[in-house]
Every structure is written in C-alpha cells, then in structure tokens.
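S.K.: Take a look and give me a structure for this.
(one chain, ligands or ions: 2)
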Amino acid sequence: MSFEKALAKVIADADAVNEDDLVLLLGAASEERKLLYDQADILRGMWMGSEVHLRGVIEFSSCCSLNCLYCGLRADNKKLKRYRMIPGEIISAARIAAEMGLKTIVLQSGQDPYYTKEMLFEIIAALKEGLDVAVTLSLGVRSPKDLRAFREAGADRYLLKFETSDPGLFEKLRPGTNLRDRLECLCLLKETGFQVASGNIIGLPGQTLTTLARDILLLRELDVVMAGVGPFVPHPDTPLGRDARGDLEKTLNALAVTRLLLPYFHLPATTALDAVHPRGRRLALQCGANVVMPNVTPGHYREHYSIYPNKPGRGEDPRTTVKETRAMISEMGRIEGKGYGHAPDRSYRPRRNLTRPGVAVARYLKKAGDLNECGGTE
Ligand code: SAH
Ligand code: SF4
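M.R.: Numbers count the residues shown, from 1 in each chain. Ligands and ions are numbered 1, 2, ... in the order given. A predicted model of the protein is given here:
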C-alpha cells in the first residue's frame, strides 16, 4: 500500500481504513502533505462550512495535584507561581467574553480539588443564568457525583484529552493515573449528557506513528464531538524539558488525517501550534480545523498558567486577544460562527459521496492509478 492508495481508500470509504493506512497518511512527506491538507480542507468545507467557532478559555487555577511529566503546572514544579481566581473573578471574566459576542466559555484549570462541587455548581449556574453562552469544562477527572452536579448546573460540554492511546506511555507520563480511568471518565461524561471532547498530544517522547494512528481510531471509537490535537511543547521546568518539541508538519498531518477520518466534528486550531510556529493556527485552519480557542483569562494571570512555555498573548487584555483572533479569521476569508457551535447534529448523515476528492486531488490520484480501484469520483 502506498500513500496514494491509502488516501484514495479514505476518500472512498473512511470506515474501511485501518491502522496501517493511517500510518501511511500520517507519514505524508513534502508533496503528499499538500494533497492531504487540500483534501482535509475540502472535507471541512463540505461538512462544517466556512464558519470558525470561537471558544473563550478562562484558565482559572494554575494549581494541580497531579504530576504529568510534560506539563508546567505539575505539582512538583516549585518554580511556578500558583493562583486561583475567586468565583466573582471567573464570572466577570466570562461576562467580558460574552459581551464581546463569544458564545462558548471554557473553564479550564489544573486538577484542583480546592474548587468543590458546590463552588463550581454556583459558577456554572451563574454563567448559564446570566449570560447567553454554552459552557465547556476542562477540569481533569472529577467524581461521578461532581460531574452530575455540573451537568445539572447547566454545563454543556466537557473537554478531557486522553493524551495518548498507549496505556504504558500514559502511565509513564501521568504518574499515579491510568488510561483506563481516563477512558471510563470519558464514557461517564457521555452518559451524564455532556457533549464530550477529547484529544491527544503530538510528538510526546516514546510516541510513534502507530501510536498516533491508534489515537485517531480511539477518537472515532469514542465518537467525540471535538478533538484537541496539539503539538508537545517542552517546558524547561519539567522532566521532559530537554526533549524535542512536537513537529509542526507531524501535527498538521495528524490534524488533516483526523479530519479525513472524522469529517463531521469540531477540530480546533490549538493555541500550542502558535507556540511552535508563528502561523501555526492559520496553517491548521487550512488543513481541517474549524475552531479557535482565544484566551480570555485576565492578562495578569496568563504567564502563571504555564502549561508550556512561549504561550501566545502573555499579559494581553482579552479584548485584544479576541480582536486579533477575529482579524485572523477574516484575513483567511472565513467567517465567525454566530451560534453556540454545539455538537454537529448526528441525525444528519450526508450522502457518502460528500467525501469525494477535490479536483486536484482526484487528478493526482487518477494519475497514480489508484482512484478507480477505490471507486472515488471527480
Ligand atoms: N488539568 C486538566 C486540564 C488542563 S491541562 C487536564 O489535564 O485535563 C490541558 C491540556 O494541556 C492537557 O490536556 C494537555 O493535552 C495539554 N498540555 C499540557 N502540557 C502540555 C505541553 N507541554 N505541551 C502541549 N500540551 C500540553
Ligand atoms: Fe495537571 Fe492537567 Fe497539567 Fe496534568 S496536564 S499536570 S492534570 S494541569
């Protein structure tokens, strides 16, 4: 099987694709990458349209009880200045974002038990009652009771990345935790009625293209509504500080392949991409991404939420961040989504031939003699 054959296969029938096909696609080099990105961009346009949904992220606590080897918020990082925003501050940051027209607020933090079920209930309820927004939580693993309470308070979505589908690597990188519990939490979130988002990190030490292929198959199996696919950015004050960072091309390949396999779901251009390349998010929006998550945390807290170094927008006012994000979207000829950007309606199943290739891709594949074999059409 060649790259061309694997691409033709995924175009003809994404459900038929296996791990080996994905490895070939993920390893796309030079001119193959252009084809891959074009096809992902076409599928994004066909299934998700030209809207880019904005989700405003409030990083409300840099305290974390876990010790993930890759993350600057890990408990053992004594160099980090920790902060916790009080409920009133969180609500007022959300109000500023809502006044700017953002329709989703993401509440994100380290895994921080200081915020009890009751506190979070009050914050979520205040956002849902006082502002016209969807609420996404990204708090790490919480108890079933807590999750039910958050849903009752009105939270709409939950973002919990599985980070890697390799159970051994997961345990090594996230000491004291395991993949099984993370996946169980994802299932529980679904049962509780959340729109569930997950994702992985590209370029973790010890990860291979096969791991990434399995990550994408796992995303499909979990049937998530969104996936964060971002590069690993080594943080100097962590045990992985001297490891190589996630490669831009490998991340874009992973984004594009994820879009090919899961055409009808949300795929953010992650902020971490801008930490590895000045135009990282723009490139992602051209190879399958349809969501951007501007930081709306008050400027003075931002440098302390140091998950990875060189995070864009340090010290910046949220209004500036949102303005710049909007400028990026319109410069790219895209439009800002005006709705909440909820999960795509799963009862809507476009016809199979909606995955047909773009003319340029089809021409290339025909020349390579692969397209007819797999039944694609121009
Ligand atoms: N504590 C919560 C949410 C905050 S961390 C949790 O762990 O789920 C949010 C995301 O940051 C993580 O899911 C992880 O994918 C990402 N992350 C952490 N350290 C990173 C690094 N060094 N490079 C890239 N992404 C990182
Ligand atoms: Fe804590 Fe999340 Fe960072 Fe792990 S990835 S150390 S859980 S903030």
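S.K.: which residues touch the residue of the stretch 151-300 of the chain found nearest ligand 2?
M.R.: Nearest residue of the stretch 151-300 of the chain to ligand 2 (CB to the nearest ligand atom) works out as Arg174 at 6.4 Å. The way it works is simple: take the backbone N, C-alpha and C, and place the C-beta from them, glycine included. The contact partners of Arg174, by CB atoms under 8 Å, 6 or more residues apart in numbering, come to Leu66, Asn67, Cys68, Leu69, Glu163.
S.K.: For the fourth one, grab the count of nearby residues.
M.R.: Just to be clear, that refers to Leu69. Neighbour count for Leu69, taken as other CB atoms under 10 Å: 18.
S.K.: Using just helix, strand and coil, how would you label it?
M.R.: Following DSSP: H, G, I helix; E, B strand; the rest coil, Leu69 is assigned to coil.
S.K.: Over stretch 70-83, what's the mean pLDDT, rounded is fine.
M.R.: Mean pLDDT, computed over stretch 70-83, is 98.
S.K.: wait, does it contact ligand 2?
M.R.: Yes: applying CB under 6 Å from any ligand atom, one finds stretch 70-83 touching ligand 2 at Cys71, Leu73, Arg74.
S.K.: Dump stretch 98-105 to CSV, restricted to CA.
M.R.: The C-alpha trace of stretch 98-105 is given here as CSV (Å, rounded to 0.1, in the frame of the first residue of the first chain):
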residue,chain,number,x,y,z
ALA,A,98,-19.8,37.2,26.4
GLU,A,99,-20.1,40.9,25.9
MET,A,100,-17.6,40.6,23.1
GLY,A,101,-20.0,38.1,21.5
LEU,A,102,-18.3,34.8,22.4
LYS,A,103,-20.9,32.0,22.6
THR,A,104,-18.8,29.4,24.4
ILE,A,105,-16.9,29.8,27.6
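S.K.: how far does it sit from the chain's center?
M.R.: Centre-to-centre, stretch 98-105 and its host chain are 19 Å apart (CA atoms, centre = their mean, to the nearest Å).
S.K.: What residues of it count as buried?
M.R.: For stretch 98-105, a neighbour-count test (16 or more other CB atoms under 10 Å) marks Ala98, Met100, Leu102, Lys103, Thr104, Ile105 as buried.
S.K.: among those, which two are most distant?
M.R.: Comparing all pairs in these by CB to CB, the longest separation belongs to Met100 and Thr104, at 12.2 Å.
S.K.: anything in contact with each of the two?
M.R.: Common neighbours of Met100 and Thr104 (CB under 8 Å, 6+ apart) are Gly56.
S.K.: So which bits of the lengthiest helix in the chain are buried?
M.R.: In the chain, assigned by DSSP state H, the helix with the most residues is helix 30-48. Buried positions in helix 30-48, judged by neighbour count with 16+ other CB under 10 Å: 32-33, 35-44, 47-48.
S.K.: any residues touching the helix or strand following that helix, and which ones?
M.R.: Per DSSP states H and E, the first helix or strand lying C-terminal to helix 30-48 is strand 51-54. Strand 51-54 is contacted by residues 102-104, 266, 285, 290-294, 322, 325-326, 329, 334-339, 341 when judged by CB under 8 Å, 6+ apart.
S.K.: which among those residues are in contact with ligand 1?
M.R.: Filtering the contacts of strand 51-54 for neighbours of ligand 1 using CB under 6 Å from any ligand atom leaves an empty set.
S.K.: so of the residues you listed, which ones are in strands?
M.R.: The strands, defined by DSSP state E, take in Thr104, Val291, Val292, Ile335, Glu336 from these.
S.K.: In PyMOL, select just the buried ones from those residues.
M.R.: Of the ones in strands among the contacts of strand 51-54, the buried ones go into a single PyMOL selection, burial set by 16+ other CB under 10 Å:
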select buried, resi 104+291+292+336
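S.K.: from the ones in strands among the contacts of strand 51-54, which is closest to Tyr158?
M.R.: Proximity of those to Tyr158 (CB to CB) peaks at Thr104, which lies at 12.6 Å.
S.K.: near ligand 1, which residues of the chain?
M.R.: For the chain, the residues in contact with ligand 1 (CB under 6 Å from any ligand atom) are 70-71, 108, 110-111, 138, 140, 160-161, 163, 201, 230, 232-233, 235, 272, 307-308.
S.K.: Now a PyMOL select for only the buried ones of those residues.
M.R.: Typed into PyMOL, the line below selects the buried ones among the residues of the chain next to ligand 1, using 16+ other CB under 10 Å:
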select buried, resi 70+71+108+110+111+138+140+160+161+163+201+230+232+233+235+272+307+308
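S.K.: where exactly do the strands run in this structure?
M.R.: Going by DSSP E, the chain shows strands at 51-54, 56-61, 104-109, 134-138, 157-159, 195-202, 226-231, 268-269, 291-292, 335-336.
S.K.: Need the residues that contact the third one.
M.R.: Outside strand 104-109, the residues within contact range by CB under 8 Å, 6+ apart are 53-64, 90, 94, 97-98, 115, 120, 123-124, 127, 131, 133-140, 157, 159, 293, 296, 340-341.
S.K.: check whether that strand contacts ligand 2.
M.R.: No: applying CB under 6 Å from any ligand atom, one finds strand 104-109 out of contact with ligand 2, separated by at least 7.4 Å.
S.K.: do you know how far the nearest residue to Pro239 once chain neighbours are set aside is from Asp243?
M.R.: Among residues not flanking Pro239 along the chain, Leu69 sits closest, at 4.8 Å (CB to CB, 6 or more residues apart in numbering). The gap separating Leu69 from Asp243 is 9 Å, by CB to CB, to the nearest Å.
S.K.: and if you look at Trp47?
M.R.: Trp47 is 36 Å from Asp243, where distance means CB to CB.
S.K.: thinking again about what came up before, isn't the residue nearest to Pro239 up against Glu171?
M.R.: No: Leu69 lies out of contact with Glu171 (CB atoms under 8 Å); the separation is 10.8 Å.
S.K.: Thank you kindly, that will do.
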